[in-house]
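**Student:** Sequence and predicted structure below; questions after.
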Amino acid sequence: GAVVSQHPSWVICKSGTSVKIECRSLDFQATTMFWYRQFPKQSLMLMATSNEGSKATYEQGVEKDKFLINHASLTLSTLTVTSAHPEDSSFYICSARKTGRRDTQYFGPGTRLTVL
Amino acid sequence: AQTVTQSQPEMSVQEAETVTLSCTYDTSESDYYLFWYKQPPSRQMILVIRQEAYKQQNATENRFSVNFQKAAKSFSLKISDSQLGDAAMYFCAYRNPMNRDDKIIFGKGTRLHILP
């Protein structure tokens, strides 16, 4: 398999501050990464698709100015939650697409964000 | 638009017994992938099994097997000899890598309890 990491694994911040979450593909290059949000006891909700070297594609209803995504290299995508509020508290998961004979998406371990 | 439906929010099975989780999906595409993912309490998404739609043979991974009925758009997961470590949330998922956006579409999940 392939490994995708996320940092930090958990973060607590004050309301109004910004938080950056990193997603890295450790042993493969990923031109495409995905960011999901998961509320307790619910399924994963796709927020946006991140493409290396171009703007992210956001799902309907996701505020692009609030959730800034940057995919500056083939192994790193970042999600910045700007001016975080308590309702942004959630579990954020990224995945990275590894192309090849078995085109597969690999998931990171997730980041728990708590906004006080 | 593609949809994935898991009609069983929760299920329980006695340890060492067999359990089947149901999943139906809707798509107009003929070629796609179907997946079952496991999300244990750690919340790391783990790929359990993958099925390519063009393959008639049902995928099998050790104690996990699927019953893929393409015409009926059904994709159930059978877990044999259930173990305590199988307790988790299970998500059925659909993906068409030929789509420009290459999204994974998840069902709402089934929480599986293993009774000792």
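**Tutor:** Cool, got the structure.

**Student:** Please make it C-alpha for all contacts and neighbour counts, starting now.
**Tutor:** Fine.

**Student:** Give me the sheet partners of the lowest-mean-pLDDT helix or strand in chain A and which way each runs.
**Tutor:** When each helix and strand of chain A is scored by mean pLDDT, DSSP states H and E, strand A:104-107 comes last, with a mean of 90. Each strand paired with strand A:104-107, and its direction, by DSSP bridges: strand A:90-98 (antiparallel).

**Student:** Spit out the contact partners of the residue nearest in space to the middle of chain B.
**Tutor:** Nearest to the geometric centre of chain B sits residue B:36, at 2.9 Å (C-alpha atoms, centre = their mean). Shown in contact with residue B:36 (C-alpha atoms under 8 Å, 6 or more residues apart in numbering or on different chains): B:47, B:48, B:49, B:50, B:77, B:90, B:91, B:92, B:93.

**Student:** ditto for residue B:25
**Tutor:** B:2, B:3, B:4, B:5, B:73, B:74, B:75, B:94 are the contacts of residue B:25 under C-alpha under 8 Å, 6+ apart.

**Student:** Quick one: low-confidence residue ranges for chain A.
**Tutor:** Residue ranges of chain A with pLDDT under 70: A:1.

**Student:** Relative to its centre, which residue of it is most distant?
**Tutor:** Computed with C-alpha atoms, centre = their mean, the most peripheral residue in chain A is residue A:101, at 25.1 Å.

**Student:** now the contacts of residue B:25: which count as buried?
**Tutor:** Buried subset of the contacts of residue B:25 (neighbour count, 16 or more other C-alpha atoms under 10 Å in any protein chain shown): B:4, B:5, B:74, B:75, B:94.

**Student:** what's the most distant pair in those residues?
**Tutor:** Maximum pairwise distance among those (C-alpha to C-alpha): 11.5 Å, between B:74 and B:94.

**Student:** can I assume residue A:3 is in contact with residue A:25?
**Tutor:** Yes: using C-alpha atoms under 8 Å, residue A:3 makes contact with residue A:25 at a distance of 6.1 Å.

**Student:** ok, those two, which is more surrounded?
**Tutor:** The neighbour comparison of residue A:3 against residue A:25 (other C-alpha atoms under 10 Å in any protein chain shown) goes to residue A:25, with 24 against 15.

**Student:** who's in contact with the more buried one?
**Tutor:** Residue A:25 sits next to A:2, A:3, A:4, A:5, A:75, A:76, A:96 when contact means C-alpha under 8 Å, 6+ apart.
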